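>>> I need the structure of the sequence given here:
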Amino acid sequence: MTRIEKTLVSVGALALVVSAGAACAQDAAYKPLGKGSFVIDARVTSVAPSEKGEIFTAAGADSGLHVDVNNDTVPTLGFTYFFTDHIAAEAILGTSQHTIKAVGPGTDVQVHKTWVLPPVVTLQYHFNPKGKINPYIGAGVNYMDWYSGKDYNGFTVKLKSGAGTALQAGADIALKGPWALNIDVKKVFYKTDANINSGALKSKVKLDPAVVSVGLGYRF
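Numbering: from 1, shown residues only. Alright, predicted model coming up:
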């Protein structure tokens, strides 16, 4: 099973657990969304890079190695404000930790472990804000800030922080009163420069993580 398949299975299982809890809730009036609504979502989020990055020498020769970055599952918060009944903006806050390896023929070595703070801000369109099931789409920007990195096995690695773009799709399923089940998928497009061993090796790494979340929202 690939890393992406494992991620989807994990998030799918979490969604089933949350859905089961929702099914146990009494059928009661729910609070609709609309202009002026403010929503806080507490989520479990899987960050799954689909990395692509060959490692080259300082002279530009192909080393035969490429970059491998693992997934991480973390808690996150989402904050959404509705400017109109259908138009809203969301900001998400969370941090994830990733192990970076150099991989190639006969080589699979850990070189770095780092935290990243990847805030994403999107502008959303909500199709059915007054209804019990409200699908939405969005697009926006993100910033990847790498921090608290630790080097391994004699390597030194520096990653360049920077901005990217994001696409989003999701749905809110109203529960009892102000509570709602939220399922959210983002695709972040982001590329970073990796400087290895003071420039002796380098790579332009296309990370493009899938950010898949499930959680509970509270509507104000």
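>>> What's the separation between the residue of the chain most remote from its centre and A194?
For the chain, the residue at maximal distance from the C-alpha centroid (CA atoms, centre = their mean) is A59, at 34.4 Å. Using CB to CB, to the nearest Å, we find A59 at a distance of 17 Å from A194. (Glycine included, C-beta is placed from N, CA and C.)
>>> Can you tell me the SS state at the residue farthest from the centre of the chain?
On the three-state scheme (DSSP: H, G, I helix; E, B strand; the rest coil), A59 is labelled coil.
>>> From F38, how far off is it?
According to CB to CB, A59 stands 55 Å off from F38.
>>> Apart from its chain neighbours, what residue comes closest to H86?
H126 (5.2 Å; CB to CB, 6 or more residues apart in numbering).
>>> Count the residues that sit near the one you found.
For H126, the count of nearby residues is 25 (other CB atoms under 10 Å).
>>> per-residue confidence at it?
On pLDDT, H126 comes in at 98.
>>> Name all residues that make contact with it.
Neighbouring residues of H126 by CB atoms under 8 Å, 6 or more residues apart in numbering: L33, F82, D85, H86, I87, A88, N134, P135, Y136.
>>> And the helices in the chain?
According to DSSP state H, the chain carries its helices in the segments 3-24.
>>> quick one, longest strand in it?
The single longest strand within the chain, with elements called by DSSP state E, is strand 133-151.
>>> Show me what that one packs onto, helices and strands only.
Under the contact criterion of 3 or more CB pairs under 8 Å, 6 or more residues apart in numbering; DSSP states H and E, strand 133-151 touches strand 87-93, strand 107-117, strand 120-126, strand 157-159, strand 162-174.
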